[in-house]
Structure formats: C-alpha cells, structure tokens
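1. show me the folded form of this:
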Amino acid sequence: MNYDLIVIGGGPAGYVGAIRAAELGAKVALVERAELGGTCLNWGCIPTKALLKSAQVYHYCKNAKSFGVAIEGEVKADLKAMVARSRQVAQTTGRGVEMLLKRSGVEVITGSATLISANEVQVGEATYEAKNILIATGASPREVPSIPIDHQFVLSSRDALVLEELPETMVVVGSGAIGSEFAFLYASLGVKVTVVEYMPQFMPLLDAEVSAAAERAFRRQRITVMTDTAVKGVSVVDGKCVVEVEQKGEAKQLVADKVLSAVGIKSNIEALNLDKVGVQVERDKIVVDSEFRTSVPTIFAVGDIIASPALAHIASAEAVNCVEHIFGKAPKALDYTLTPACIFTTPEIASVGLTEEQAQKQGVEYKVARYNFASSGKAAAAGDRDGFIKLLFDASNKLIGAHIIGANVVEMLGEPSVAMTLGATAEDLARTIHAHPSLYEGIMEAAKSLE
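-> Just a heads-up that it's a prediction; the model follows:
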C-alpha cells in the first residue's frame, strides 16, 4: 500500500508527527513495535510522575498534623499499590493516544520496521511504500560496562518503575533528571539512598546556584550525594550490590540492596538498516539538516535519535516542524535556546534559556534578578517557602534565562518561556499584572528588582 508518509515509532515524536501530517491531508501510517506512546508515556515521563505524586501524598499524610489535620494510626507506603496506579495511568494515557490516531485517520501497523529502500519499509513479511519516511524511534537506557544491568540487583530506569518491594538501601548512579527523580522517590518512601555523580556538580546541566540549592534539599532529605565520583565496577556478593567508586582519587566501596543505573540513553536505531539505504549516522545519532532531512532526501528523523536535547516536548516540536516542512508549510526553525527543562523532585526545578555559566562562557553581558519564596504569602500558606526565582537579562534588559526551584514551579515556566520567545524585557514582566496570591507573581517581583 502507498502512503504519503510512514512514521516509524509511536512515541511523543512519532504519534504527534503522524497526527499533524494527517491534519494536513496526508495519507499516513505509523509503525510501532510495542505500546503506543513510546517510552515517555509507558516507561518514562508519565508513570514516573504518577509514582512521584503517590510519594507526595504519602508525605502530606505523614505531615498532616502541621496542616491541622489529625490522622489516626500509622501511615504506610504501599509500593505495590503505587506501582499499580502508575501502570494504570500509563495505560489510560496510551489508550488516549490510540484514540487520537484513530480519529485522525492514521493507520497503525504493529511490528518492527526495517528500511529496505528510500521509499520502502518492511514490517514482518509485508512491505509498505511511502513518498516520505519519518524515523522517530526514540531511545532506551544506556548500559555501561562498569555497571552491568541484571534487572534484579542492578536496575534500569524501567526496572525501577515496577519494583515489588522497597529495598533498605539503594545507590543511584547519575544525578540527571532520571536519577534525581528516582533518588527522591525512593528516599521519600524510606529507602536510604546514595547518589553518585561523575561530574563535579550535582545535576550538572543546571545553573550552578540552582544545583547547589537542589543538593542542599537532597541532603536535608538524608540523601547522600557524592559528586566528582566515578563508578569503577559493580558486583553482587551474598545478595548485596558492591559498588567500587573513586572519588577525587580515593577508592571507596559502597554496599546496597539495589543499584539504579541512570547514566543516560542510547538511540534505538540498530535494527533500522540505516547503512543499507545510505542514512548517515555519527556517534549514535542520525545526521539531519535544519528541516530534519537525512542524507537520503525522502527520509527524515526527529527526537532522541538526532543530536538535539533528548526531551519529549522537543521531540514533539521537531516532529511537527518536520512534517510541516514535508508538506509545504515552511515553519520557522526551532530555537533550541528556548528549550524548557524540568526535574520533578521536591523541590521541583524548572529552567529555560541561558544559565549564568553559559552566559559567561559566551561572553554575554547579563544582569541577575531574584525573588525568594520565603517572601511569598502563597508559599507560606502552602507550607513550603524553600526556593527562589532567578532571572537573567541581557544588556538591553531582555529576558535570556529563567531558573526556578521550589514547590510546583514547573507550572510557572510557561510565562518566562513565552516572554523569551516574544523578546520581553524586565519592564514588560514587572508591569504585567499578576494574580495574588500566587507563586508566579514572584516573576513580576524579580523583574521589579532590576528597576
């Protein structure tokens, strides 16, 4: 059967791109070998946030007395029930994606896809033809030789989503978003957690000031943080994980019930037959141009398999942009400097634009404006006054970066993101009327401090 577009992969890039193509009048097929929604909806973003919500409810119940609520009896964390709820949330979301594709007229083909030419895709014994092919196969947890994953003692992020019982101790390798969220999750449920980070800075991609605040928050939650530390090997001895590390030249040994490897991801491109059809690959990433076209003119690629930020919302934006190029809409190029990033620990962390360190490295003249949630009436009422808003403005007072740490701050990131897109200044933000009481009025107050 002939199509205008075949999309390989049903994650946040693939299904969003397929639906947009169908909206533009294209005849579209989507090939998915597992669950619709991809890793994000089934084994990443969504089920992780469901577990984190359960942990938050558990925390509220344990601390209900401080809010004037009496709870009789012992409050217990039921991990099996939490995991069951998380899986149900993921399944419900996946069914929603299935319905969206069906309503859009996208044909879903189940199976593993292989490229056999610039316009042909093989799935099982069947061959499908298309004028264009979009690869959106996403990524999987990366495994490194020093941390061999056995799925029983040494876990991947997927394993950590479906544990049947809480271990007493856990070592989490990597303090990026995945590692940090799981570290917080299990620590909040009573597990003694140690986070091992290879880089000198905890959560190394963050603004350094926010990173330091996040590390202090982790330590207050009795999470041990080891930065500038390399894992040399992991072995299982008498049912315990023995982790050999080197911290600033000093050899140390950590012993834990479980080890979670959160050291990054790898592109899912091995089985696509890319070399046979001539698609160029460099360092595990498919090479594309500004329109997401590969070295083969009829084949495109988006999401975690190309050299852009490996985030679900970036993948979706790339897919829409790519499809609109394919079908003649000529959209603006994506501005990756405006990429929002979030970490759903407690406190939450949200950022967009330049960090101070990046501004300094690029020689950008900037000013910093701050607002501490300790001054917020809404934060006081909510019982969580930790954290701050940090805004960076250039020499002309345009907003170039926003970094926020505190309770529920991810929901605040939309304003600075839109402000940066529109080139808003400190005066624009300061003179915009913000609702009171709210956390986001802190953005206004921070901007006012420059005036």
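
2. check what pLDDT the residue positioned nearest the centre of the chain gets.
-> The chain has L311 as the residue nearest its centroid, 5.1 Å off, counting by CA atoms, centre = their mean. Model confidence at L311, given as pLDDT, is 95.

3. and what of E451?
-> pLDDT for E451: 73.

4. mind listing what it touches?
-> Residues near E451 by CB atoms under 8 Å, 6 or more residues apart in numbering: 426-427, 430. (C-beta placed from N, C-alpha, C; glycine too.)

5. please identify the buried residues of the longest helix seen in the chain?
-> What stands out as the longest helix in the chain, according to DSSP state H, is helix 79-104. With burial defined by 16 or more other CB atoms under 10 Å, the residues of helix 79-104 counted as buried are 79, 82-83, 85-86, 89-91, 93-94, 97, 100-101, 104.

6. just checking, what packs against it?
-> Packing partners of helix 79-104 (3 or more CB pairs under 8 Å, 6 or more residues apart in numbering; DSSP states H and E): helix 14-23, helix 38-43, helix 45-62, strand 107-110.

7. which other helices and strands contact the second one?
-> It refers to helix 38-43. Secondary-structure packing of helix 38-43 (3+ CB pairs under 8 Å, 6+ apart): helix 79-104.

8. now do the helix it packs on, average pLDDT.
-> Rounded to a whole number, the mean pLDDT of helix 79-104 is 96.

9. angle of that helix against helix 14-23?
-> Orientation of helix 79-104 against helix 14-23 (axes from the mean of the first three to the mean of the last three CA atoms, to 10 degrees) gives an angle of 20 degrees.

10. measure V368 to A407 for me?
-> Distance of V368 to A407, given as CB to CB, to the nearest Å: 22 Å.

11. more neighbours: which of the two?
-> Using other CB atoms under 10 Å, the more surrounded residue of V368 and A407 is A407, with 19 against 16.

12. mind giving me the ChimeraX command for buried ones among the contacts of E451?
-> Buried residues among the contacts of E451 (16+ other CB under 10 Å), as a ChimeraX selection:
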select :426,430
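
13. can I get the contacts of E451 in JSON lines with distance to L24 and secondary structure?
-> Formatted as JSON lines, these follow (distance: CB to CB, whole Å; DSSP: H, G, I helix; E, B strand; the rest coil):
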{"residue": "A426", "distance to L24": "40", "secondary structure": "helix"}
{"residue": "E427", "distance to L24": "40", "secondary structure": "helix"}
{"residue": "A430", "distance to L24": "41", "secondary structure": "helix"}
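
14. so is the closest residue to E107 other than its chain neighbours in a helix, a strand, or just coil?
-> Excluding its sequence neighbours, the residue lying closest to E107 (CB to CB, 6 or more residues apart in numbering) is A29, at 4.5 Å. Put simply, A29 is strand when judged by DSSP: H, G, I helix; E, B strand; the rest coil.

15. which residues touch the residue in the chain sticking out farthest from the centre?
-> In the chain, the greatest distance from the average C-alpha position (CA atoms, centre = their mean) is reached by E72, at 37.7 Å. Residues counted as contacts of E72 (CB under 8 Å, 6+ apart): none.

16. now name the helix or strand holding it.
-> For E72, there is no helix or strand it lies in under DSSP states H and E.

17. for C61, see how far away it is.
-> As for E72, its distance to C61 is 12 Å (criterion: CB to CB).

18. and K102, by the same measure?
-> Plainly put, K102 is 40 Å away from C61 if you go by CB to CB.

19. quick check, E318 in a helix?
-> Yes: the assignment for E318 is a helix, going by three-state DSSP.

20. can you count the residues close to it?
-> E318 has 26 neighbouring residues, counting by other CB under 10 Å.

21. also S375?
-> Burial of S375 is recorded as 12 neighbouring residues (other CB under 10 Å).

22. likewise the one 10 residues further on?
-> R385 sits with 17 neighbouring residues when counted by other CB under 10 Å.

23. so it: helix, strand or coil?
-> Put simply, R385 is coil when judged by three-state DSSP.

24. let me see the confidence value for it.
-> What the model reports as pLDDT for R385 is 93.

25. what of M1?
-> pLDDT at M1 comes out at 63.

26. again with S66
-> 92.

27. am I right that it is in a strand?
-> No: judged by three-state DSSP, S66 forms no part of a strand; its state is helix.

28. what's the local residue count around the residue nearest to G124 when sequence neighbours are not counted?
-> Once flanking residues are discounted, G124 sits nearest to G111: 4.9 Å by CB to CB, 6+ apart. G111 has 13 neighbouring residues, counting by other CB under 10 Å.

29. repeat that for F373.
-> When neighbours are counted by other CB under 10 Å, F373 registers 23.

30. now do Q280
-> A count of nearby residues for Q280, using other CB under 10 Å, gives 13.

31. quick one: it and V288, what's the gap?
-> Using CB to CB, Q280 is found at 9 Å from V288.

32. A330 now?
-> A330 is 17 Å from V288, by CB to CB.
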